[in-house]
Each structure stands twice: as C-alpha cells, then as structure tokens.
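Participant: structure for the following, please:
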Amino acid sequence: MRCFQCAILIFTLVFSASGKERKKVPEDYYQGALRGERAAFKRDLQTNTIEAPLQESMKGNEIKWVSAFWAMELIRFKSDLTAAAIRTVLASPQQDFISLQRAALEAAYALYGQEFQPMVTSVADSTRSAKVFAMATLYLLRGDAGKLHRDACLARLQRRFPQWRSDPILWCLGEELREPRREQVKARPALVELLRHPLVGGKPVVFSIQRVNRDHPGLTVVRKPDGQFLRRVDGSLFAIPHLARSLSNLPGYLTNGNSPQGILSILGVEGAEGEFIGPTPVLNMALPGEVTPYRFLHNAAIQDTAWTQARYASLLPSGWRDYAPMYEAFWAGQAGRSEIIAHGTTIDTEFYRNQPYYPFTPSLGCLTALEIWSGVDGRLLVSDEMALIEAYRAAGDGYGFFVLVEKDDRQEPVLLNEILPDLLKAEGRW
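Facilitator: Prediction:
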C-alpha cells in the first residue's frame, strides 16, 4: 500500500498543526460526519491551523504557513488576514523556501481574483523555479486570456527559460499559451475511436469523460476486457458522476492540479489510507514515469525502464496520436506527479455548498466519487465510490487502465445521454 498524496500531503499537515487525530473506523461508519464533529473540526481548522499561525511571523513558521494556505483551500476560507499573508509571501524572496511561495500562489489562484497581479508579475519576472513560473503565469492569464496577452506571456517564458521545451511543465505551459484548452478541444478526434480502442488486450478499462471546465462533474464508465461496457442488473449502462477537479483547479501537469487528461495504469483495488479519503476502497493508479513501463503495461516481458513520448503515443488510437491534450498524463508523470487515485470522501460537503460541483468534494488531483455520510449517526448513506469498485471488480478486478478525456467545454455536468451513442457504437451495437 502506497502513502497516497491526496490524503497525506495536505491533511497530515492540517492535523499536525491542529493537534487532532482520529481513529480508524469501520467501512460503513465515520464518526467525523456527526454534526457536532463537523462544526468542531471546521472551527479548529480555522482558528488553530489558519488564523493562529498567520498571526505569527512568517520567518521560522514557514511550514505552519504552508499548512494554513492549504487549509484555506480545503474549507474555502479567506479574510483580510489571509490576503495579507499571501501578500507577505509574494513580496518576499522565496528561493530558500519555494514550497511556501508555491502554497501562496496556489491559494491565490484557488480563492482570489486578480488583486495580486502586480506581485505575481514580479514573481514571474524573478523566479528560477519552472513550477513557480508556471503557476504565476497561469494566475496572470486569468486577467486576460486574449491572444495578445498569451503572446506576451509566451515571450516572457521564452526569455526567462530559453530551454523551456526540455522541461515538461514549461512545455505544457507553452502549449496552453499557444492555444487554450477550450480551443484545443474543438479539434478532438472522434470519441468513439478512443472508446473502442483495445489499448492492451485482456484488461478492463475505466473511461472518465470530463469537461474542460472541471467545475462540472464528468461521467465514468467501465469497459470489460471483451470490449463491452458494464451494465447494471436491469440492463442499463453502468455510470457514475465523477469529479476530476482539485482544490486549486490548476492544470493537471502541476502538483495539486486537476486530474490529468490521458492514460493512467490501474494497479488494483486497495484499502483506503487517510482520514479524508475515508474507509471505502480505492482504485490505485500510476502515471507514465511514476512506475516502469512493464509495471504500467502489466507486462513482465518488457525489460527496459525508459519512458518516451513515442511509447506513450503507441497506447493511443492512431487518430489520437497528434492530439496534444491527451499527453497531459505523460507530461505530468515526467514532471514528478504521483499517487493519483480514484477514491471516496469524508470531507464535509458543506464547505462547497455555493460551488457548481456541490455536493462533490475536490481533492489534491485525484478523482472523487460522491459519498454522503449521515450527520446523525455517521453511517454511509450514498457511495458512488463503492459502486465503482464493485463495477471494476465485476469487469475483471486486478490490473487495468484508466483513461480520462475531456469531451468539450460545455458549462454543465456530463450526462449519459450525451455519450450513449458513442458507447453503443464502440461496442458495435449501433
């Protein structure tokens, strides 16, 4: 069992800062869902993890400040104090503590509008970190996504990082500056070609069809090794809504960004780790580069350990190999992203009541299925995650593949009737 990024990276920091710790609970029960527990947790998080550290000096308390910024994203909390803290960090040279600068940029991107643009411009003009530069540039793009503005940002990229094409993060940023994803998706090849593509024979494939705007939940289906999509007992196609949005809503090639588009390897069903993922089992997955090709492809006969773009491209249908957005998973793996899983959630849905994805809860880049826990007795009331796990087990369990693809940029959740014709054509039924 791996130590999953989604649970550990942010939530360990949150609990270590607040001093709270919870016990492991049965699979269908979560004590933290009780109304009193929810209220106490939020109060403790705001008071002890966010406000108290940010009232202390930044110097010497950098780790607490990093935890505070991530906790702000978790509960979508902002105030004069949090805005002042972001300004303090952005105005300070951070070459010795890059993670604090990244955390401040991430919180600014996730929670605020354009008020930090002058400071972020200064960061973009001075940082030596490719990741910080990309985050700063993406923040600046939100003010004006027009071609002239993108061209100016691209010129800054080329000037500041002459070797940008050799860096996976800067390469992806350059693609975004060249043409926004909402424009790239208009040239997407036929979805049915991807849905019928065998990928690697004899393995189940989970397809998650998403929007470019990850505020809107996508839809996930399961294809059996025989090429047919899994159906329910009544004969209807199995599908669950799935949120592929992170807390930050940054692109998938960045740490803590959205779930990246492309092909991931499923390493199996595993027990969950982490208080906020909850006790429901998860799909354990890996990106290209996170594990060796033989493990990714579930083929022990593959001897070499080198990942190349050509090897990844060979997994795609021929008509999809020139479609740049499907390489995001490859570049994310080359950039060092890891431990993206498909999991349930025990996070309080009320943190996100006014967001378009409510009652889903975002993560640190994983895919989150809807789970509802009773505030009265802590029992699990709804679990699309368990439905997905049971569907995957019915399709073959064990090793497989997960394919995430953005369908279009419509501003609404993906519904089954949209993709039903493509699913039936992929099966050869229509």
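
Participant: report the separation between the residue nearest the centre of the chain and V200.
Facilitator: In the chain, the residue lying closest to the centroid (C-alpha atoms, centre = their mean) is G365, at 2.0 Å. Distance, G365 to V200, using C-beta to C-beta, to the nearest Å: 24 Å. (Each C-beta comes from the backbone N, C-alpha and C, glycine too.)

Participant: next: H343.
Facilitator: Applying C-beta to C-beta to H343 and V200 gives a distance of 24 Å.

Participant: could you list the domains of this protein?
Facilitator: 7-19+26-184, 186-427 (automatic domain parsing).

Participant: pick the most deeply packed of those domains.
Facilitator: Most buried of these by mean neighbour count (mean count of other C-beta atoms under 10 Å) is domain 186-427; its value is a mean of 20.

Participant: pull up the distance across it, start to finish.
Facilitator: 25 Å (C-alpha to C-alpha, to the nearest Å).

Participant: go on, stretch 336-353?
Facilitator: End-to-end for stretch 336-353, by C-alpha to C-alpha: 33 Å.

Participant: so for it, mean pLDDT?
Facilitator: Mean pLDDT, computed over stretch 336-353, is 96.

Participant: for the residue nearest to the centre of the chain, give its distance to N249.
Facilitator: For G365, the distance to N249 - C-beta to C-beta - is 11 Å.

Participant: anything in contact with each of those two?
Facilitator: Taking C-beta atoms under 8 Å, 6 or more residues apart in numbering as the criterion, G365 and N249 both touch 257-258.

Participant: what about the helices in the stretch 251-400 of the chain?
Facilitator: 293-296, 309-313, 328-334, 384-395 (DSSP state H, counting those that start in this stretch).

Participant: for Q101, which of those helices is the nearest?
Facilitator: Among those, helix 328-334 comes nearest to Q101, with 20.9 Å by C-beta to C-beta.

Participant: next one: the closest one to chain centre, how far?
Facilitator: How far helix 328-334 lies from its chain's middle: 13 Å, per C-alpha atoms, centre = their mean, to the nearest Å.

Participant: stretch 88-97 now?
Facilitator: With C-alpha atoms, centre = their mean, you get 26 Å for stretch 88-97.

Participant: also stretch 97-104?
Facilitator: 19 Å.

Participant: now swap in stretch 325-342 and tell me
Facilitator: 10 Å.

Participant: first-to-last residue distance for that stretch?
Facilitator: 21 Å.

Participant: and stretch 305-312, by the same measure?
Facilitator: Between where stretch 305-312 begins and where it ends, there is a gap of 13 Å, by C-alpha to C-alpha.

Participant: likewise stretch 172-187?
Facilitator: From its first residue to its last, stretch 172-187 covers 17 Å (C-alpha to C-alpha).

Participant: from memory E418 sits against E412, does it?
Facilitator: No. With contact defined as C-beta atoms under 8 Å, E418 does not reach E412; the gap is 9.7 Å.

Participant: residues in contact with A395?
Facilitator: 204, 222-225, 230 are the contacts of A395 under C-beta under 8 Å, 6+ apart.

Participant: pick the one among those residues closest to I50.
Facilitator: For these, the nearest to I50 is V222 (39.6 Å; C-beta to C-beta).

Participant: which of the helices or strands spans the closest one?
Facilitator: strand 218-223 (DSSP states H and E).

Participant: the helix or strand following that strand packs against which elements?
Facilitator: Sequence-wise, the next helix or strand downstream of strand 218-223 (DSSP H and E) is strand 240-242. Applying 3 or more C-beta pairs under 8 Å, 6 or more residues apart in numbering; DSSP states H and E, one finds that strand 240-242 contacts strand 218-223, helix 384-395.

Participant: try 10 Å this time
Facilitator: strand 205-211, strand 218-223, helix 384-395 (3 or more C-beta pairs under 10 Å, 6 or more residues apart in numbering; DSSP states H and E).

Participant: any idea how far it is from the chain center?
Facilitator: With C-alpha atoms, centre = their mean, you get 15 Å for strand 240-242.

Participant: okay, and the beta partners of the nearest residue in space to G398 that is not next to it in sequence?
Facilitator: Distance criterion C-beta to C-beta, 6 or more residues apart in numbering; nearest residue to G398, sequence neighbours excluded, is G268 at 5.8 Å. Beta-bridge pairing of G268 under DSSP bridges involves N284.

Participant: from I341, how far out is G268?
Facilitator: With C-beta to C-beta as the criterion, G268 and I341 are 11 Å apart.

Participant: list the residues that contact both of these two?
Facilitator: 282-285 (C-beta atoms under 10 Å, 6 or more residues apart in numbering).
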